[in-house]
Every structure is written in C-alpha cells, then in structure tokens.
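K.L.:
Sequence and predicted structure, then a few things I'm wondering about:
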Amino acid sequence: MQLSARNALKGTVKAIAPGSVNAEVTIEVAPGVEVTSIVTKSSVEKLGLAVGKEAYAVIKASDVMVAID
C-alpha cells in the first residue's frame, strides 16, 4: 500500500456501529488509544471490516489543532 497521507496508524477494529447509510468504525491503534471514523456501510462491506481484524486509520488533514486544559 502506498499513500500520500503521512499518518497511517495500524490497529485492530474494536467496534463497528452500523447506521442506515454510514457506520462508525473504531480502531485501537495502541493499548487504550482508539481512533473512530465514519465511513459508508458499503465501504465496511468492500473492505471486509470486522471486529478483531487489522486495519489502518489513515489521517490526511491540512490542519491539526492542539489544545490544553
């Protein structure tokens, strides 16, 4: 796999919450660290995503904000 995105985090699918059109996919990229994404249900099916399967959270953004309490 080759991507232009610089942030590809390998992890394990922890949860898939399907909706009527989209699904919320949660990937654990490190112990206790999760990334959640909204993708189409069609994408979940085409990628064969399932709980326990390895997947990548690929993040491509032109802006990243940093905050503190």
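P.N.:
Arrived safely, thanks for sending.
K.L.:
who's G11 bridged to?
P.N.:
Counting by DSSP bridges, G11 is bridged to A55.
K.L.:
hmm, I was thinking of A17
P.N.:
Applying DSSP bridges to A17 gives these bridge partners: E24.
K.L.:
count of neighbours near it?
P.N.:
By other CB atoms under 10 Å, 11 other residues sit near A17. No exception for glycine: its C-beta is placed from N, CA and C like everyone else's.
K.L.:
Likewise for V44?
P.N.:
18.
K.L.:
Does it belong to a helix, a strand or coil?
P.N.:
For V44, the assignment made with DSSP: H, G, I helix; E, B strand; the rest coil gives helix.
K.L.:
Name the nearest residue to it, ignoring sequence neighbours.
P.N.:
Spatial nearest neighbour of V44, chain neighbours left out: A23 (4.9 Å); criterion: CB to CB, 6 or more residues apart in numbering.
K.L.:
That neighbour: what's it in contact with?
P.N.:
The neighbourhood of A23, defined by CB atoms under 8 Å, 6 or more residues apart in numbering, consists of 16-17, 38-41, 43-44.
K.L.:
in stretch 6-21, what counts as buried?
P.N.:
Using 16 or more other CB atoms under 10 Å as the test for burial, stretch 6-21 gives 11, 13, 16.
K.L.:
Which stretches in this structure count as strands?
P.N.:
Using DSSP state E, the strands of the chain run over residues 7-18, 22-30, 33-40, 54-59.
K.L.:
Right, I'll call it a day here.
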